[in-house]
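*Asks:* Provided below are the primary sequence and the corresponding predicted coordinates.
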Amino acid sequence: MMHKPFRLGLILALFLAVPGRSAVLLAEQEIAYDAYVPLLKRPEAVSLEAARKRDRSKILARVVEQPFRPFGHSLGKTAEWVERKHVDEKVVWFFDELALHGIHPSFRRPTEGSFGTAGVGGRVDIEQLLEIEQPYMSSEIFGGWTPNAAFDGTTTDFGGKYRLQAPEGKLHHEGFMRYARSSSESFYGIGNDSSLGEWSSYEPEELMLKGSLAAELTRSIEANASVLYQRMNIGNGARKGVGKIKEHFLGSNIPGIAGGNLIGVKGSVEYDVRDHATDPRKGGYGALEVSYFHDTDSNDFQYVDIGGFLAHFFRLGSDRRVLALRLTAKQVEDVGGDDIPFFNLARLGGSRPWRGSELLRSYRFNRFFADGLILGNAEYRYNIYEYGDFAGDAFALFDVGEVSEDIVDFAFGELEVSYGGGVNLKFRRETIFSFVVAHGSEGTEFTVHSRASF
């Protein structure tokens, strides 16, 4: 048995030895620590390999940006001049004052947008103009005028609409009326194999009446049911140097070449989850429509129209780079062997979807008519300038599509392709000027519009 004095001495020796040994161990392992030096939560992000990866990404981004830099330089110089002269402040004040009184002017382009042909248009909010407070009702009138391409005639339209909304906002009714007339629209025949040599012009004069009832299913989805009346008169176009439809296609059995009166019903479902209605950088929107039309005279028109589109926008690393994609399909089928008027067939051609002709930017407006249509559009948009309320996007575009008698007859060998680019100039995220150049098998088209393609 160990004596008590010996045990106390051993404990004391261990007590004195351990701190000395611990001090040596701590001295060998201790890391200098400074309370004011930040600690990295992700030290791997500053590794040599991570730095090289970031450098490679920057190089790729710079390469993609290079084609758009000249546009950005030009926009910058223009913006400097605008700022020095205070042009932007004067213009903003003028249009803001008009908007406060419900007046919203706009520039108009003809269906076949060309240089030097620009018109005017706009709308007037009645309640705002007259300073009437109507929380559940609104109404407006609209109209516009523009010279057609090459100044061959004019395009005119005017009309109005009203809207009645339930107090909860989930249900609303709209009434709509529009009269439109163009003295020269293009027609090349029906089918994907129609030729530029068949180019003729016609003069459509249309009265459209519509009443609809819509229900908001969710915050982003709406269902709509409508009753429509369409009265269409067709005359020979005023364009010089091309054929006239009733002479060039005499005896070709083109349904609707003499016009017609139609009544129909339409149902649609629409959704919209874009982050911005006119300058989207993410999200998407789309619609599906089914309609039935029958003539009210002796033309024997009766058909069903099914169509829809889907568009989506993807941010590529930042808000400055956006990939925009759009897919469209349409099929018009006769009922009981009756005819389909040519002016309501699926149509393809033009620099933006307008008046029924879908987006194929290296081809002329109304270039192709047929029963079925399928189309894909893609744009890479890069923000090249942004200052205050002004901004500019350069974009590269690619379109591919075709028309056919039946959408199930889609054939890769008959696809029509467009590729090119352009610039969108924006004010308060609204496109005020869009310049497009696109090339395809029938040449190159240069067009200017007052809004983005889609």
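*Replies:* Nice, I can see it.

*Asks:* where does this structure have low pLDDT?
*Replies:* For the chain, applying pLDDT under 70 flags the ranges 1-40, 45, 57-83, 85-88, 113-116.

*Asks:* run the last query once more with 80
*Replies:* 1-92, 109-118, 149-152, 169, 387-388, 407-413 (pLDDT under 80).

*Asks:* can you give me the helices for it?
*Replies:* 4-29, 48-65, 69-85, 87-100, 126-130, 245-248 (DSSP state H).

*Asks:* May I ask you to confirm that residue 420 is in contact with residue 435?
*Replies:* No: using CB atoms under 8 Å, residue 420 is not in contact with residue 435; the gap is 10.7 Å. Glycine gets a C-beta too; all of them are placed from N, C-alpha and C.

*Asks:* ranges for the strands of the stretch 151-300 of the chain?
*Replies:* 154-165, 171-182, 185-187, 200-216, 221-236, 243-244, 260-272, 283-295 (DSSP state E, counting those that start in this stretch).

*Asks:* partners of the fifth one in the sheet?
*Replies:* This means strand 221-236. Sheet pairing here is set by DSSP bridges, and for strand 221-236 it gives strand 200-216 (antiparallel), strand 260-272 (antiparallel).

*Asks:* And the shortest one, by the same measure?
*Replies:* Strand 243-244 pairs in its sheet with strand 200-216 (parallel), by DSSP bridges.

*Asks:* in the strand it pairs with, what's buried?
*Replies:* 200-208, 210, 212, 214 (16 or more other CB atoms under 10 Å).

*Asks:* same deal with stretch 118-133?
*Replies:* Neighbour count says stretch 118-133 has 118-119, 121, 123-126, 128 buried, by 16+ other CB under 10 Å.

*Asks:* And that stretch, end to end?
*Replies:* 35 Å (CA to CA, to the nearest Å).

*Asks:* Repeat that for stretch 313-322.
*Replies:* 7 Å.

*Asks:* Now do that stretch: everything it contacts.
*Replies:* 61, 64, 274, 280-284, 323-325, 380-383 (CB atoms under 8 Å, 6 or more residues apart in numbering).

*Asks:* Quick one: buried ones out of those residues?
*Replies:* 274, 280-281, 283-284, 324, 380-383.

*Asks:* Output the residues you listed as CSV; include the columns distance to residue 360.
*Replies:* CSV is the format used below for the buried ones among the contacts of stretch 313-322 (distance: CB to CB, whole Å):
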residue, distance to residue 360
274, 23
280, 22
281, 25
283, 25
284, 21
324, 16
380, 18
381, 19
382, 23
383, 26
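
*Asks:* Closest one of those to residue 173?
*Replies:* Nearest to residue 173 among those, counting by CB to CB, is residue 274 at 25.2 Å.

*Asks:* The closest one and residue 312 touch, don't they?
*Replies:* No: here residue 274 does not reach residue 312: they are 9.1 Å apart, not a contact under CB under 8 Å.

*Asks:* shared neighbours, the two?
*Replies:* 283-284.

*Asks:* picking up where we left off before, any chance of the buried residues of strand 200-216 in a markdown table, plus distance to residue 399?
*Replies:* What follows is the buried residues of strand 200-216, written out as a markdown table (distance: CB to CB, whole Å):
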| residue | distance to residue 399 |
| --- | --- |
| 200 | 25 |
| 201 | 24 |
| 202 | 25 |
| 203 | 28 |
| 204 | 25 |
| 205 | 30 |
| 206 | 27 |
| 207 | 32 |
| 208 | 28 |
| 210 | 30 |
| 212 | 31 |
| 214 | 31 |
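
*Asks:* so which of those residues would you say is closest to residue 359?
*Replies:* So of these, ranked by how close each gets to residue 359 (CB to CB), first place is residue 204, at 20.2 Å.

*Asks:* so what's that closest one bridging to?
*Replies:* Going by DSSP bridges, residue 204 forms beta bridges with residue 234.

*Asks:* can you pull the contacts of it?
*Replies:* Here residue 204 is in contact with 180-182, 185, 232-234, 343 (CB under 8 Å, 6+ apart).

*Asks:* Select only the buried ones of these in PyMOL?
*Replies:* Buried members of those, defined by 16+ other CB under 10 Å, are picked up in PyMOL with:
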select buried, resi 180+181+182+185+232+234+343
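
*Asks:* Export the contacts of residue 204 to JSON lines and append columns for distance to residue 156.
*Replies:* As requested, the contacts of residue 204 are arranged in JSON lines below (distance: CB to CB, whole Å):
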{"residue": "180", "distance to residue 156": "7"}
{"residue": "181", "distance to residue 156": "5"}
{"residue": "182", "distance to residue 156": "8"}
{"residue": "185", "distance to residue 156": "13"}
{"residue": "232", "distance to residue 156": "16"}
{"residue": "233", "distance to residue 156": "14"}
{"residue": "234", "distance to residue 156": "16"}
{"residue": "343", "distance to residue 156": "17"}
